[in-house]
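predicted model, plus sequence, below.
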Amino acid sequence: MQQEKDISMLILKLLNSGELYGYEMIEKLELLSNQYFRVKAGTLYPILHGMEDQGLITSYEKKADNGRMRKNYRITSQGDKALREKKSEWKTYVDTIANILGEKPYEI
């Protein structure tokens, strides 16, 4: 489930910039990835629940402008640490592939 690991890293990065609710994450992932990451709610929410169980993120209910309650998510200090670790792992992975392909390492 490499894609799930990649998406959890991207979610942590999104939440590192501020609190979001689920649909906002889906929209931002699509926008920032030029539609490459098209995550469905049925995929996203189990990932969010798992991340919450691991202590990487927390959630709370907040009333939206339309009066409906929304679940917002925010990164925890443990999530910040995990993001740094995941970014380091990703850089090692990308640099290794670049080396095999005979390319220059990438800056992340």
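It's in. Nothing here was measured: the structure is a model prediction, and the numbers come from that model.

look up phi and psi at Asn72.
phi -100, psi 150 (degrees, to the nearest 10).

I meant to write Leu15 there.
According to degrees, to the nearest 10, Leu15 has phi -70, psi -20.

so where is the protein shaky, pLDDT-wise?
1-5, 106-108 (pLDDT under 70).

geometric centre of it: which residue is closest?
Taking C-alpha atoms, centre = their mean, the centroid of the chain lies closest to Ile11, which sits 1.3 Å from it.

where along the protein do the helices fall?
Assigned by DSSP state H, the chain shows helices spanning 2-16, 22-32, 41-53, 77-101.

and these: which comes nearest Asn66?
Among the helices of the chain, the nearest to Asn66 by C-beta to C-beta is helix 22-32 (12.5 Å). C-beta coordinates here come from the backbone N, C-alpha and C atoms, glycine included.

next, count neighbours for the residue nearest to Leu29 when sequence neighbours are not counted.
Distances taken as C-beta to C-beta, 6 or more residues apart in numbering place Phe37 nearest to Leu29, at 4.4 Å, with adjacent residues excluded. Neighbour count for Phe37, taken as other C-beta atoms under 10 Å: 16.

tell me how far Phe37 lies from Ile7.
From Phe37 across to Ile7, the span is 7 Å (C-beta to C-beta, to the nearest Å).

next: Lys91.
From Lys91 to Ile7 the distance is 18 Å (C-beta to C-beta).

contacts only, for the residue nearest to Leu29.
Ile7, Leu10, Leu29, Glu30 (C-beta atoms under 8 Å, 6 or more residues apart in numbering).

OK, contacts around the spatially closest residue to Gly22 that is not a sequence neighbour?
Distance criterion C-beta to C-beta, 6+ apart; nearest residue to Gly22, sequence neighbours excluded, is Leu44 at 5.8 Å. Contacts were defined as C-beta under 8 Å, 6+ apart; by that measure Leu44 touches Ile7, Gly22, Met25, Ile26.
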